[in-house]
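Asks: Below: sequence and its predicted model.
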Amino acid sequence: MDLATVHAGCRKNRKKKRVGRGIGSGQGKTCGLGHKGQYASAGARMFSKLFEGGQTPLFRRSPKRGFSHRTWDIPSVVINVGDIADASDAGDEVTMDSLKAKGVIKGSADHLRVLGNGDVSKKLTIRAHHFSASAKEKIEKAGGKVDVIPPPKKPVRNKMKPRPPRAAAV
């Protein structure tokens, strides 16, 4: 064997199997699906690995408890006012981007929640999506400003257009 014959017998670009093109093609009539049966019809799928042959599958047999709020939960980064005060200078405007740039917070969450653990002695302007009551109190007591980023407006749904007034019958 040498490099010239390494790929001998290997067909890289295989021709598409043309089924249903007559008896002479070798894939005529039943097109390789056999006679009748569950999987002979078009649109029938082979069963998955989870299929248990007619008995109730394990997933349906096992009890379900609790619930998940994953559908409406908004991933947030939680930080304490003490950590913000340690990482910033007096008079700074603290945002989520500035905290990420300083390496104080990590992750790909979209919302910033500020909690009240720690002390603030500097005058800071903090922009976040949520502030706890104690965090808001400590920031304002130090002479700082709390700026809450408003949530996106909820879309108006199921509002029927008012009907035009009917002409009075004469």
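Replies: It's in. Note that this is a predicted model, so its numbers are computed, not measured.
Asks: and residue 82, how many neighbours does it have?
Replies: Neighbours of residue 82 under the rule other C-beta atoms under 10 Å: 16. (Each C-beta comes from the backbone N, C-alpha and C, glycine too.)
Asks: Distance of the residue nearest to it when sequence neighbours are not counted relative to residue 7?
Replies: Distances taken as C-beta to C-beta, 6 or more residues apart in numbering put residue 118 closest to residue 82, at 1.5 Å, once the chain neighbours are dropped. Applying C-beta to C-beta, to the nearest Å, the value for residue 118 to residue 7 is 68 Å.
Asks: For these two, indicate the residue with more neighbours.
Replies: Just comparing residue 118 and residue 7: by other C-beta under 10 Å the higher neighbour count belongs to residue 118, 15 against 9.
Asks: which residues does the more buried one contact?
Replies: 80, 81, 82, 83, 85, 86 (C-beta atoms under 8 Å, 6 or more residues apart in numbering).
Asks: who's in contact with the longest helix along the chain?
Replies: The residue-count maximum for a helix in the chain (DSSP state H) belongs to helix 133-141. Here helix 133-141 makes contact (C-beta under 8 Å, 6+ apart) with 80, 81, 114, 115, 116, 119, 120, 124, 126, 131, 145, 146.
Asks: Sweet, I'm off.
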